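K.L.:
Could you work out the structure for the sequence below:
(one chain, ligands or ions: 2)
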Amino acid sequence: MLTRRAFLKRCRDISLLMCGSTLLTRSLAEGFLHLAKDPPALAFIHAQNCMACTTSMMYGNDFDFIDFLSHVGRLELHPALSFRQGADYLTNLDRIAAEGDYLLVVEGSIPSRPKEACYLGAKPLYDVLAGYASRARMVIASGSCASHGGIPASAGNRTGALSLAAYLKEKKVEVPQLRIPGCPAHPDHLMGTIAYIAATGVAPPLVKDTQLNKEYYGELLHNRCSRFQHFSQDLFVEDFAKDKDNCLLKKGCRGPITASDCPMRRWNQRTSVCVESNTPCIGCMNPRWPFVSDLYLETADVEDLPWSEMKQKIKDRPKS
Ligand code: SF4
Ligand code: SF4
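P.N.:
Ligands and ions are numbered 1, 2, ... in the order given. Just a heads-up that it's a prediction; the model follows:
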């Protein structure tokens with residue numbers, strides 16, 4: 001039995017998770033009370049993925065993922081976390097789809113050529129996913145593979161891997177969609193988005209002309225980076241062992257072209273983030289990730305970066 005105090009604490013935690021402040025605690029409490037009798041059904045489907053997005057949900061943050069799914073929504077199916085597996089999973093997926101009005105979360109890209117690269121039960125995922133998506137209230141692409149194609153769709157793309165949006169377009173399915181990019185997806189980004197939908201019944205405010213939650217992907221990572229002062233003074237890392245505070249731009253950092261709140265939100269129970277760990281941001285939340293150049297670059301390779309675009313973005317950054 002959830003006490004009133006525990007309930008409000010949970011609402012406060014979710015508000016922090018969603019927008020970094022307790023501002024929404026009261027609205028969330030009212031929203032959850034309204035939805036308490038009928039939380040949204042949640043179903044997960046794994047496409048061509050590596051399981052890192054699920055692993056990130058389980059270990060990447062201090063908010064328990066299964067607890068969250070069980071209380072904020074009604075977790076029906078997850079290929080790795082629910083008891084329903086194999087034939088039971090498929091039977092229940094059909095049941096949920098027949099009932100409709102559920103949130104469908106897809107992890108991984110969808111192989112199209114050959115479509116046999118990934119099966120759901122006895123059929124290629126490519127053939128059956130559209131049917132499940134078309135009956136959902138909303139579909140959420142979790143991780144960069146589902147959001148933009150990711151690693152399976154990078155150079156060579158031997159399986160004709162498609163993002164969820166590209167797949168649904170090919171299949172002519174029109175359904176509200178959201179993208180939670182990241183390799184892996186950040187637990188706060190997925191849970192915060194689901195919490196928003198559960199509490200309000202609608203999608204969160206989006207970045208213009210995208211399916212990206214504005215709260216998380218509304219600003220360039222570079223603008224919030226702890227190394228920004230060093231960037232402003234043209235102090236760049238030359239030697240990783242010595243220049244521990246300088247800007248990583250000339251080591252190939254994609255912070256200036258990647259929109260994400262990673263530096264504020266951080267990872268692993270808010271312990272750290274790539275740029276704080278002396279590692280350039282590789283832009284894993286950028287739609288073009290993993291780019292055509294190497295993930296990690298030496299100074300000599302820096303011209304491989306979309307350099308002119310970076311300069312323009314930096315030039316255009318909002319003046320504060
Ligand atoms: S280029 Fe990278 S390391 Fe430098 S300030 Fe921007 S995000 Fe931070
Ligand atoms: S800092 Fe960059 S590479 Fe690291 S998680 Fe964020 S977007 Fe991905």
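K.L.:
Residue 197: which element?
P.N.:
Counting by DSSP states H and E, the element that carries residue 197 is helix 187-200.
K.L.:
is that helix anywhere near ligand 2?
P.N.:
No. Helix 187-200 lies out of reach of ligand 2 by C-beta under 6 Å from any ligand atom, never closer than 10.4 Å. Every C-beta, even on glycine, is put in place using the N, C-alpha and C of the backbone.
K.L.:
now do stretch 140-147
P.N.:
No. Using C-beta under 6 Å from any ligand atom, stretch 140-147 stays clear of ligand 2, coming no nearer than 8.7 Å.
K.L.:
Show me the contact partners of that stretch.
P.N.:
47-49, 52-53, 103-109, 150-153, 161, 163-165, 177-185, 190, 193-194, 211, 284-285, 287, 289 (C-beta atoms under 8 Å, 6 or more residues apart in numbering).
K.L.:
Next step: those residues restricted to strands.
P.N.:
103, 104, 105, 106, 107, 161, 177, 178, 179, 180 (DSSP state E).
K.L.:
now whichever residue of the stretch 1-150 of the chain sits closest to ligand 1, nearest residue through space, not along the chain?
P.N.:
Closest to ligand 1 within the stretch 1-150 of the chain is residue 144: 18.2 Å, counting by C-beta to the nearest ligand atom. Here the nearest residue to residue 144 in space, its sequence neighbours aside, is residue 150; by C-beta to C-beta, 6 or more residues apart in numbering that works out to 4.0 Å.
K.L.:
what about the one you found, neighbour count?
P.N.:
For residue 150, the neighbour count with other C-beta atoms under 10 Å is 24.
K.L.:
Now do the contacts for whichever residue of the chain sits closest to ligand 1.
P.N.:
Of all residues in the chain, the one sitting closest to ligand 1 is residue 255 (2.2 Å; C-beta to the nearest ligand atom). Counting by C-beta under 8 Å, 6+ apart, residue 255 makes contact with 220, 221, 222, 225, 248, 249, 275, 280, 281, 283.
K.L.:
Can you tell me which of those are buried?
P.N.:
220, 221, 222, 225, 248, 249, 275, 280, 281, 283 (16 or more other C-beta atoms under 10 Å).
K.L.:
Any chance of the residues you listed in TSV with secondary structure, pLDDT and distance to residue 15 as columns?
P.N.:
Below are the buried ones among the contacts of residue 255 laid out as TSV (DSSP: H, G, I helix; E, B strand; the rest coil; pLDDT from 0 to 100; distance: C-beta to C-beta, whole Å):
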residue	secondary structure	pLDDT	distance to residue 15
220	strand	93	24
221	helix	95	23
222	helix	92	27
225	coil	96	25
248	coil	92	32
249	helix	88	34
275	helix	95	26
280	coil	92	32
281	coil	94	27
283	coil	93	29
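K.L.:
Can you tell me the SS state at residue 141?
P.N.:
Assigned by DSSP: H, G, I helix; E, B strand; the rest coil, the conformation of residue 141 is strand.
K.L.:
can you check residue 234 too?
P.N.:
coil.
K.L.:
What about it? Give its phi and psi, please.
P.N.:
phi 60, psi 30 (degrees, to the nearest 10).
K.L.:
what's the neighbour count on it?
P.N.:
For residue 234, using other C-beta under 10 Å, the count is 9.
K.L.:
Ok, residue 239 next?
P.N.:
8.
K.L.:
What residues of the helix ranked longest in the chain count as buried?
P.N.:
Longest helix of the chain, by residue count under DSSP state H: helix 4-19. In terms of neighbour count (16+ other C-beta under 10 Å), helix 4-19 has its buried residues at 10, 11, 12, 13, 14, 15, 16, 17, 18, 19.
K.L.:
for it, packing partners?
P.N.:
Other elements packing on helix 4-19 under the criterion 3 or more C-beta pairs under 8 Å, 6 or more residues apart in numbering; DSSP states H and E are helix 25-35, helix 187-200.
K.L.:
Can you give the contact residues for the longest one?
P.N.:
So the one you mean is helix 187-200. 14, 17-19, 27-28, 31-32, 35, 39-40, 42, 53, 56-57, 60-61, 63, 65, 68-69, 72-73, 103, 105, 138, 140, 142, 178, 180, 182, 203-204, 213, 215-216, 265.
K.L.:
ok, so what distance separates the residue of the chain closest to ligand 1 from residue 291?
P.N.:
14 Å (C-beta to C-beta, to the nearest Å).
K.L.:
Residue 147 too?
P.N.:
In terms of C-beta to C-beta, residue 147 sits 15 Å off from residue 291.
K.L.:
Please say which of the two ends up with more neighbours.
P.N.:
Using other C-beta under 10 Å as the criterion, residue 147 and residue 291 rank with residue 147 on top: 28 against 19.
K.L.:
just how off-centre is whatever helix or strand that one lives in within its chain?
P.N.:
Using DSSP H and E, residue 147 sits in helix 144-148. Chain-centre distance of helix 144-148: 8 Å, with C-alpha atoms, centre = their mean, to the nearest Å.
K.L.:
I'd like the average pLDDT over it.
P.N.:
For helix 144-148, the mean per-residue pLDDT is 97.
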